[in-house]
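A.B. asks: Okay, sequence plus prediction incoming.
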Amino acid sequence: MANKVLMKGNEAIAEAAIKAGCMHYFGYPITPQTEIAAYMAKRMPKIGGTFLQAESEIAAINMVYGVSAAGYRVMTSSSSPGISLKSEGISYLAGADLPAVIINVQRGGPGLGGIQPSQSDYFQATKGGGHGDFHLIVLAPGNVQEMASLTVKAFELADKYRMPAMILADGTMGQMMEPVEFDFDVTPAPEKPWATNGTKMQRKHNIVNSLSLVPEELEKFNFERFERYAQVEENEVMYDEYLCDDAEILVTAYGIASRVTKNAVDEARKKGIKVGLIRPITVWPFPKKPFAKMAEKVKHVICVELSMGQMIEDVKLAVECKVPVTLCNRSGGMIPSTEQILAEIEKYAKGE
Amino acid sequence: MKTTKYLFSGFGGQGILFSGKFLAYKGLTEDKQVSWLPSYGPEMRGGTASCSVIISDELIGSPIVDSPDVLVAMNLPSLDKFEKTVKAGGTIILDSTLIERKVERTDVEVVYLPATRLANENGCPTLANMIIVGKLLKVAGEYDEKSIEETLKKVISAKRADMLEVNKKAMQIGAEF
Amino acid sequence: MVVFDKPKSLADISMHYCPGCTHGIVHRLVAEVIDELGIEGRTIGIAPVGCSVMAYNYFNCDMIEAAHGRAPAVATGVKRANPDEHIVFTYQGDGDLASIGMAETVHSAARNENITIIFINNAIYGMTGGQMAPTSLPGQVTQTSPYGRDVNACGFPVRVCEMLATLDGPEYLERVTVNSVKAIKNAKKAIKKAFQNQIDKKGFSLVEVLSTCPTNWGMTPKDALKWVDEKMIPYYPLGVYKDRSAKEDK
């Protein structure tokens, strides 16, 4: 307990990034993630790092591209509309095989939308979010401690697989305070012989590039990249199971939705309903296996989201039509209540 | 196993978020599970502000407080909005200097505390919030000077250490009223 | 005795530029300057999108290919990553620098970012086949201004050096051309100064080079060189638009 401090999720991300050896941060103000920039503005000058408020989200992600190309750990953060602006740069990072960490503290959309919490950028985060064949590693924290620990993990995975990684949080996760500890081990950045940090006249020049005008070559690069993605899918899936062993109804949710859902599961259990919860922690790669397993034994799956239903598509794919999957949702910055989720669980428990 | 859910509400600028933060830190110093969730956005500037605080012996599920055990209301719009959400048997503490009406619910304990008047009379006009926190702790039987002092040291930055005594005094005024 | 050789930092491969295009001259000047300053081992170049998109193949220093217009932002990242060691230059065309990347250009100048920008202004989009550029002249016929640039509909050309000179940020802004031996010598002097400024930590230095595009202008290389004198220089006068250190020295 002694090492625990009370911190906002946004601040926990910033501090964890510094702990992970990220000395360079570029951002642009947007609610509800601005505390990350404010924290970095305070800390970076004191530790000899870079904090730069860029002229736009587009510039910020391209500054990230520059630092990453030079071989250093680097991060940017934004919220939904800003992530759309960064999407061009994210595609280029993926195309040039550059590691970087991007934080999305989601708010309601589309368009300018609102500033209240949302999970409506799931498609954008997990299905691309920019042009071209690529994936991001997408980590979805469920509490402030995970805002910190998954940020560190994001840096490690990004370096390990040479690809951008995203923290997919939401306004609640960013704004809430919970106790957090920073005593985790950090795997330092590996050697980066590909980095454009000056030849020192000792090697052939390095080129960081995503242009490939010969289609045979571009195809080869894409095939190679997807072999790496297959390794990520094999090795890096993370999820939490709660009361799943005897469950007849399965509920699934990530991030803030999983917190409310857990309350609903507890309430339902008090009423004798056998219900369990799967909380994906990586949403790309999506934890398909536990869903496939549960599909064999539950009679219904409920997907709780702060969106019009996005993760539900991955859930449906994972259960392979063996069991019905329905949506329990709010949208536009609203959060489902425990009662709403409980009512949904009771409905399917009664076999309606 | 005990879980207490608090909802602090009032105008932006009344120190709503700070009093919630104080309580959360107090929970942390006592080795409890805690969460603190503010309303955020434009309403922080002069509109209504609120924050949810949960203090528990077990892991906290949702940090959102829909139906509080304890409601602190520092202005009328907050009481109007949240009175009906308080759990039966719960507590409402309100600033009776700023809220003239009585609570309509009969199934909750109500504490009418003229916090703003007390703050003005005692030369700490910005600390009505902490006067209420003092009362809140007293009512809950959790008014412990040592724990309060330890917590204040954590929530008040070293630069503003002079505020520590004033906050302590404000809480005492609330507790003794 | 060798009297004429390729600069060491210029790759020994054939370039894709059209006959008569002045990109090759400017590439060579940049490479000569890198050689003379002995900075190849610590230089990182940023290529744009446009005709010089494949510049990353033409220099022997480390190279990065940036998204369209974003080279100054990428350069900012590379420079900030190791400001004492890295020498960073961008090489950008007019569409890249003055249209889609205008914000990055202006703000890296406003920050006095310690980088060097080589700006090729040939008044047209070359790579995509000759469309109107932000620097196309009034009345200039291009694929997307087939009746000549109508300033009422398309606005006026942007004079980058003049515009940036209004900012307090930048250290050094000069417009040169490469359409004669004398002009080339002068251009090299400017480019060298722009790199030397970075080594001396003086800050943002941009050299605008009035260049030719015989292919898309529909001219012979010789006529194109003449067109620079007759049409471009009157609209884009050559000269130093800002040289803060020189001013302070006085």
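C.D. replies: Right, received. Where do you want to start? Numbering: from 1, shown residues only, chains lettered A, B, ... in the order given.

A.B. asks: rest of the way, CA atoms for contacts and neighbours
C.D. replies: Fine.

A.B. asks: which parts of chain B sit against chain A?
C.D. replies: Counting by C-alpha under 8 Å from any C-alpha of the partner chain, chain B comes close to chain A at B:25, B:28, B:31, B:33-38, B:40-41, B:61-64, B:66.

A.B. asks: at 6 Å what do you get?
C.D. replies: B:35-37, B:61-62 (C-alpha under 6 Å from any C-alpha of the partner chain).

A.B. asks: Let me have these in JSON lines, adding pLDDT and secondary structure as columns.
C.D. replies: Putting the residues of chain B next to chain A into JSON lines (pLDDT from 0 to 100; DSSP: H, G, I helix; E, B strand; the rest coil) gives the following:
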{"residue": "B:Ser35", "pLDDT": "97", "secondary structure": "strand"}
{"residue": "B:Trp36", "pLDDT": "97", "secondary structure": "strand"}
{"residue": "B:Leu37", "pLDDT": "96", "secondary structure": "strand"}
{"residue": "B:Gly61", "pLDDT": "91", "secondary structure": "coil"}
{"residue": "B:Ser62", "pLDDT": "92", "secondary structure": "coil"}
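
A.B. asks: gap between B:Phe82 and B:Leu94?
C.D. replies: Separation of B:Phe82 from B:Leu94 (C-alpha to C-alpha, to the nearest Å): 12 Å.

A.B. asks: ok, the two, which is more surrounded?
C.D. replies: B:Leu94 (28 against 20; other C-alpha atoms under 10 Å in any protein chain shown).

A.B. asks: give me phi/psi at the more buried one?
C.D. replies: phi -130, psi 160 (degrees, to the nearest 10).

A.B. asks: Check C:Met63 too.
C.D. replies: Here is the backbone geometry of C:Met63 (degrees, to the nearest 10): phi -140, psi 150.

A.B. asks: List the beta-bridge partners for it.
C.D. replies: When assigned by DSSP bridges, C:Met63 has beta-bridge partners A:Ile207, C:Gly45.

A.B. asks: what's the burial count for it?
C.D. replies: Quick note: C:Met63 (other C-alpha under 10 Å) scores 30 neighbours.

A.B. asks: quick one: it and C:Ile44 touch, right?
C.D. replies: Yes - applying C-alpha atoms under 6 Å as the test, C:Met63 and C:Ile44 come out as touching, 5.5 Å apart.

A.B. asks: and the gap between A:Gln175 and chain B?
C.D. replies: In this view, A:Gln175 and chain B are 6 Å apart by C-alpha to the nearest C-alpha, to the nearest Å.

A.B. asks: how about the nearest residue to that residue, chain neighbours excluded?
C.D. replies: A:Lys8 (5.5 Å; C-alpha to C-alpha, 6 or more residues apart in numbering or on different chains).

A.B. asks: pLDDT wise, what is the one you found at?
C.D. replies: We have a pLDDT of 97 for A:Lys8.

A.B. asks: Could you point out the longest helix of chain C?
C.D. replies: helix C:181-199 (DSSP state H).

A.B. asks: If you average the pLDDT over that helix, what comes out?
C.D. replies: pLDDT averaged over helix C:181-199 gives 98.

A.B. asks: In that helix, which residues are buried?
C.D. replies: The neighbour-count check on helix C:181-199 (16 or more other C-alpha atoms under 10 Å in any protein chain shown) flags C:184, C:187-188, C:190-199 as buried.

A.B. asks: ditto for stretch A:156-166
C.D. replies: Neighbour-count burial for stretch A:156-166, with 16+ other C-alpha under 10 Å as criterion, is recorded at A:156-159, A:161-166.

A.B. asks: Over to stretch A:314-334?
C.D. replies: A:314-316, A:318-319, A:322-323, A:325-333.

A.B. asks: if we take those residues, which one ends up nearest to chain B?
C.D. replies: For the buried residues of stretch A:314-334, the closest approach to chain B (C-alpha to the nearest C-alpha) belongs to A:Gly333, at 11.9 Å.

A.B. asks: Let me see the backbone angles for that closest one.
C.D. replies: The phi/psi pair for A:Gly333 (degrees, to the nearest 10) is phi 110, psi 0.

A.B. asks: So is stretch A:267-287 next to chain B?
C.D. replies: No - in terms of C-alpha under 6 Å from any C-alpha, no part of stretch A:267-287 sits within range of chain B; the closest distance is 11.4 Å.

A.B. asks: Let me see the contact set for the one residue in chain A that gets nearest to chain C.
C.D. replies: The shortest separation between chain A and chain C is 3.8 Å, found at A:Lys200 (distances taken as C-alpha to the nearest C-alpha). A:Lys200 makes contacts with C:41-42, as judged by C-alpha atoms under 6 Å, 6 or more residues apart in numbering or on different chains.

A.B. asks: Do you know the pLDDT at it?
C.D. replies: Confidence score, pLDDT, at A:Lys200: 97.

A.B. asks: just to revisit the earlier point, quick one, which of the residues of chain B next to chain A are buried?
C.D. replies: Counted by 16+ other C-alpha under 10 Å, the residues of chain B next to chain A give B:35-37, B:61-62 as buried.

A.B. asks: which secondary structure elements does the helix or strand harbouring B:Lys168 contact?
C.D. replies: When elements are defined using DSSP states H and E, B:Lys168 is found to belong to helix B:163-176. Contact here means 3 or more C-alpha pairs under 6 Å, 6 or more residues apart in numbering or on different chains; DSSP states H and E; on that basis helix B:163-176 packs against helix B:128-139.

A.B. asks: now for the helix it packs on, which elements pack on it?
C.D. replies: For helix B:128-139, the packing partners by 3+ C-alpha pairs under 6 Å, 6+ apart come out as helix B:115-121, helix B:163-176.

A.B. asks: what's the average pLDDT for it?
C.D. replies: pLDDT averaged over helix B:128-139 gives 96.

A.B. asks: quick one: it to helix B:163-176, angle?
C.D. replies: Computed with axes from the mean of the first three to the mean of the last three C-alpha atoms, to 10 degrees, the direction of helix B:128-139 lies at 50 degrees from that of helix B:163-176.
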